[in-house]
Every structure is written in structure tokens, then in C-alpha cells.
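Enquirer: Sequence first, predicted model second:
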Amino acid sequence: MNTKYSMDEITLDPSLHVRPAAWSDLEAVTQLIYDCCAADGDTAVAVTSEELKHEWQNPGFELERDAFLVETDDGRIVGYEEFFNEHEHARLRTDGYVHPDFKGRAIGTSLLRIVEERAREEIRLTKPDVRVILRSMIDNRDPDSHALHQNEGYQPLRYHWRMEIVLDGPPAEPKFPQGIELRPFVKGEHDVSVWQAQNEAWRDHWGSHNVTLEDWKRDRFDDPEFNPTLWQIAWDGDEVAGFSLNRYRMGIGWIRTLGVRRPWRKRGLGEALLRQSFSEFYTRGTKTIGLGVDAQNPTGATRLYQKVGMYIASEYVTYEKELRPGRNADEE
């Protein structure tokens, strides 16, 4: 692979070097991400090495092509950036980290410009009239990341919260609507029903798009923290009305995906699923539970989470840069 990256008007310290990531870097990159999240004050959004390995194994992601490192002369990894084709080669995403001890040395700028080059290569794979954008999410408390993205032509687009609750006793008993019952998730039997319910429930969410059954299975079942006994699936007869797909993340309970299909909304089902999830974690000895949510969620999720006692632990900002104007990828 060609590792010569153009970095116009960037002067990277001669003791720092850019190169593609390799599998042998897995543990070092995991530690870098943790150190950066710790400096920002929220290690719950870091990853384990198993989770990062799972991410690197996603179809379409090629490690030597889509992940970039900055290392010192003595081999210490101090910067990392990764690139993802999120949807139709038109909605692109990057995620980057610079070790707090090495800020102010053009590492972030170098990596962001490199990943933009990579993103522009992706444009040739989408239709010529489609709008292509590159997005990057940062911790809102990091002034250096704000300045970096604004200097590179990105605009703040959307805010997300990581919300949390620390239970000091058994949570309130959930009250499910009449006719709704919980059933254990059975892999291989309930896959299609829950997948379809998730696609429907998330159509109102910003940036969402339908995922294929194959991608859904890979994302859920290949997750190193996949544990179906934590999943709460609410049924109305033979239909899935709502769901809370839960897991552990960095030592806390995590509400990964909570959704209620449109016909069953406004009946307290979302609250019941949330409280049931709290109860399940609590009985397993986990008192700290978190989730991520769009701060402008149109379904009222943020109000629900605050109602049950969750608070905003961290705020994140999605920045966007338009690489090519055009119609949205989902428009025909």
C-alpha cells in the first residue's frame, strides 16, 4: 500500500511518523482510545480490545486502507484515525484520537486531512448526483477538537448525550400496557421479527436507514458483549411491539438500542422496557447504567430518560463537512 500522504501546509514533527494501522497495533490503539477518553472525563465511551477487533473486522473495512496511526521514533502510538463508509459511499464517518500529552503538534490536523483524502476516494463509488458528506463526533468539552474541525471546514451539525443513572436501590417496578408480555429472545427464531421492529422503530431517528438482516445479525450476534439474556423483547401476540437490546460496556450496563414501534407508542411501553432493563442489570449487581441519545430526538426519548432519573453525563457534537453537493443518498 502507498503510505505517502499529502499534507499540504502541515509541518509534522520529524520525530512523528504516519503509517497505516496493523493488527499488531490493536492493544496499543485500545489503550490510546482509553487514555483520550479518560482525559475527556468519560471512559464509558472507550472500547475493549475485543470490541475494537470486532470493528476492524467489519465487512468493507480494510485496516491498512481505512485506519491511520501517528507514532514516535521509539514506536509509541500517539494518534489514531479511522474511516467508515456508513451508508451508500455517501454518508462517511471518521473517528480520531490524539494522546493528551501530544496535543498541539499537528497530529490531529494531519490525520483529519489524511482521512479526508481517503473519503474523497470513496466518492467514485457512489452515484454522481448524490451528496457526499464526512462526519466526525467529538466530546463537547474538548476545545482543541472544536478548533481543529472548524479550521478544516467542518460545521457543527448535531448534539448527542450520554445519559446515565446510578441506582441506589431496586428500581421501580415496570408497568407494561395491557396485552404486552416479555419473552426471552431466541436466536434463530426471533431474529427477523426484532430486526424488522428495529428498522421500523428507528425510521424517525436522525440519520437512520434500514439495515439488512445480514448486517443486523453481524452487528448484534458478533458483538463480543452479545448476551441475549439481557435483551428485553415486548410482544403483542405474534408481533414485536418494542425492545431494549442491552449489553455491558466498559464495566457498566448499557442500553444499546431501545425502540417502540409506532402503533404502540404513547402507552408507557418505552418506560416499562427501560425500567425492566434497569431491574435486570440491578439483579446482576450492576448499578450504573448508561445509553446514548440524540439530544433533539423527535420521539421524546430524552424526556423519558430524564423522567426515570437519568442525567446527562457527557455531551458530544457531530461535525460535518460536505465533500460534494447533491441529493441525499436515500432520495430517488
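Expert: Arrived safely, thanks for sending. Numbers count the residues shown, from 1 in each chain.
Enquirer: check contacts around Asn151.
Expert: Asn151 sits next to Thr109 when contact means CB atoms under 8 Å, 6 or more residues apart in numbering. Quick note: C-beta positions are derived from backbone N, CA and C, even for glycine.
Enquirer: Try it again at 7 Å.
Expert: Asn151 sits next to no residue when contact means CB atoms under 7 Å, 6 or more residues apart in numbering.
Enquirer: cool, Lys175 as well?
Expert: If you count contacts by CB under 7 Å, 6+ apart, Lys175 has them with Gly268, Ala272.
Enquirer: part of a helix, is it?
Expert: No: going by DSSP: H, G, I helix; E, B strand; the rest coil, the assignment for Lys175 is coil, not a helix.
Enquirer: Tell me the confidence at it?
Expert: Per-residue confidence for Lys175 comes out at a pLDDT of 96.
Enquirer: Shouldn't Gly285 be within a helix?
Expert: No: assigned with three-state DSSP, Gly285 falls outside any helix and is coil.
Enquirer: How many neighbouring residues does Gly251 have?
Expert: Residues lying near Gly251 (other CB atoms under 10 Å) number 11.
Enquirer: Would you mind measuring from it to Ala46?
Expert: Using CB to CB, to the nearest Å, one obtains 10 Å as the distance from Gly251 to Ala46.
Enquirer: again, but for Leu245
Expert: When distance is defined by CB to CB, Leu245 is 21 Å away from Ala46.
Enquirer: Next: Lys287.
Expert: In this view, Lys287 and Ala46 are 20 Å apart by CB to CB.
Enquirer: next one: Asp204
Expert: Using CB to CB, we find Asp204 at a distance of 29 Å from Ala46.
Enquirer: just Gly96 next, same as before
Expert: Here Gly96 is placed at a distance of 14 Å from Ala46 (CB to CB).
Enquirer: Identify the single longest strand in this protein, thanks.
Expert: In the chain, taking DSSP state E as the definition, the longest strand is strand 311-324.
Enquirer: So what's the model's average confidence on that one?
Expert: For strand 311-324, mean pLDDT rounds to 97.
Enquirer: Partner strands of it, with direction?
Expert: Here the strand partners of strand 311-324, with direction, are listed using DSSP bridges: strand 132-139 (antiparallel), strand 155-166 (antiparallel).
Enquirer: what comes into contact with the longest one?
Expert: In this case it means strand 155-166. Identification of contacts with strand 155-166 by CB under 7 Å, 6+ apart yields 42, 44-45, 206, 287-296, 305, 309-320.
Enquirer: Could you pull out the buried residues of the helix or strand following it?
Expert: Secondary structure here is assigned by DSSP states H and E; on that basis, the next helix or strand after strand 155-166 toward the C-terminus is strand 181-183. Judged by neighbour count using 16 or more other CB atoms under 10 Å, the buried positions of strand 181-183 are Leu182.
Enquirer: And the very next helix or strand once past strand 181-183, what does it pack against?
Expert: On the C-terminal side of strand 181-183, the closest following helix or strand by DSSP H and E is helix 191-201. Helix 191-201 is packed against helix 213-221, strand 239-249, strand 252-260, with contacts defined by 3 or more CB pairs under 7 Å, 6 or more residues apart in numbering; DSSP states H and E.
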